[in-house]
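K.L.:
Mind folding the following:
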Amino acid sequence: MTEAELRNGINKIIRNHDIDTAINNLQGYMRLSYGHSFLCENLANLYVEKSDFKKAGKYIFYKEKLSDQDEEILFLYFQSFGNDKINILKDLIAEGTKSPVRIDYDVKVRLFNMMNEVKAENGFLPKFMWNWYYHFESKFKKDKNYSQLSQLTRR
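P.N.:
Numbering: from 1, shown residues only. Next up is the predicted model:
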């Protein structure tokens, strides 16, 4: 599926269905394009419209640029997990998704930083994070900014 087809499909679902049906249908797209920023932004907007801020927070996390309202919703989202990074990451990381290729770079950095904080606090990285962590690490090593990122994330 091309980017244009994905965006058109998402817009069509939102236009032609009630909120609950649109959310259900967009969840199907998540299985194909987990973490895609346009998809997550639209899912987050639908959950905000329903006033379900915990679920909205999960998808807002995947937006590249965050507004003040997004930051407030993320705060509520993190609070709903007692700010426990392991449980937050369990919710954010798609079960069965081996490589998060559709996720924007800035979001990958946020996730990678959280994973490194978990690793530093606990002395290990939980198994459910391994695929994503090593995927991010391999991508960042190819990046010229990796040395700066590694200094920030490896204490």
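K.L.:
Report the buried residues of stretch 118-129.
P.N.:
Across stretch 118-129, burial judged by 16 or more other Cβ atoms under 10 Å covers Val118, Lys119, Leu125, Met129. To be clear about C-beta, it is placed using only N, CA and C from the backbone, and glycine gets the same treatment.
K.L.:
show me where this structure has helices.
P.N.:
3-16, 19-32, 37-49, 53-60, 68-80, 85-92, 105-122, 130-141, 146-153 (DSSP state H).
K.L.:
For the fourth one, what does the pLDDT average out to?
P.N.:
In other words, helix 53-60. Mean pLDDT, computed over helix 53-60, is 95.
K.L.:
Any figure for the gap between the residue nearest in space to the middle of the chain and Glu41?
P.N.:
Central residue of the chain (Cα atoms, centre = their mean): Tyr62, 3.6 Å from the mean position. Note on Tyr62: its distance to Glu41, by Cβ to Cβ, to the nearest Å, is 8 Å.
K.L.:
count of neighbours near Ser138?
P.N.:
Neighbours of Ser138 under the rule other Cβ atoms under 10 Å: 10.
K.L.:
show me what contacts it?
P.N.:
Residues in contact with Ser138 (Cβ atoms under 8 Å, 6 or more residues apart in numbering): none are found.
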